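Colleague: build the 3D model from these lines:
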Amino acid sequence: LVYLCLFRFTFHHSAIIKTALQQKGLQIFLLLRLSPIIPFNVINYIGGFTAITLRDYSLALFGILPGTVLYCFIGASAGSLTESESVVD
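Modeller: Here you go, the predicted model:
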């Protein structure tokens, strides 16, 4: 009985997710890529299991760039802070 309820619940939601990704796959994946909460490997698995087009998936990869630039900036800033401390001592 629990299995049947769980199957109906996941089947219904998977149909909704599939329809949403077919219609607005680029927007959904771009927002998922911009979110720092969801790891990229989970997003990759979602893209593999759903019906998102290759074009939408590929274009959504540009959503990684803002986070990458931010992490590089933070790393460079932290490196310059440690260098300035050694000059002061």
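
Colleague: what segments of the protein are strands?
Modeller: When secondary structure is read from DSSP state E, the chain shows no strands.

Colleague: where does the prediction get shaky in it?
Modeller: 1-13, 84-89 (pLDDT under 70).

Colleague: give me that answer again for 80
Modeller: Scanning the chain with the threshold set as pLDDT under 80 gives 1-18, 21, 49-51, 79-89.

Colleague: so for it, the centremost residue is which one?
Modeller: Nearest residue to the geometric centre of the chain (C-alpha atoms, centre = their mean): Arg33, 3.1 Å.

Colleague: quick one: contacts for that one?
Modeller: Phe40, Ile43, Ala60, Leu61, Phe62, Gly63, Ile64 (C-beta atoms under 8 Å, 6 or more residues apart in numbering). Yep, even glycine has a C-beta here, placed from its N, CA and C like the rest.

Colleague: ok, Gly63 next?
Modeller: Counting by C-beta under 8 Å, 6+ apart, Gly63 makes contact with Phe29, Leu30, Leu31, Leu32, Arg33, Leu34.

Colleague: for it, which non-adjacent residue is spatially closest?
Modeller: Excluding its sequence neighbours, the residue lying closest to Gly63 (C-beta to C-beta, 6 or more residues apart in numbering) is Arg33, at 2.9 Å.

Colleague: tell me how far that neighbour lies from Gln27.
Modeller: Separation of Arg33 from Gln27 (C-beta to C-beta, to the nearest Å): 11 Å.

Colleague: cool, Leu65 as well?
Modeller: Counting by C-beta to C-beta - Leu65 and Gln27 are separated by 17 Å.

Colleague: please tell me how far Tyr71 sits from Arg55.
Modeller: Going from Tyr71 to Arg55 by C-beta to C-beta gives 27 Å.

Colleague: what about the residue nearest to Gly63, distance to Thr82?
Modeller: Between Arg33 and Thr82 the computed distance is 31 Å (C-beta to C-beta).

Colleague: make sure Pro36 is actually in contact with Gly67.
Modeller: Yes. Contact criterion C-beta atoms under 8 Å: Pro36 and Gly67 qualify, at 6.3 Å.

Colleague: and the two? Which one has more around it.
Modeller: Set Pro36 next to Gly67 and count neighbours by other C-beta atoms under 10 Å: Gly67 wins out with 14 against 10.
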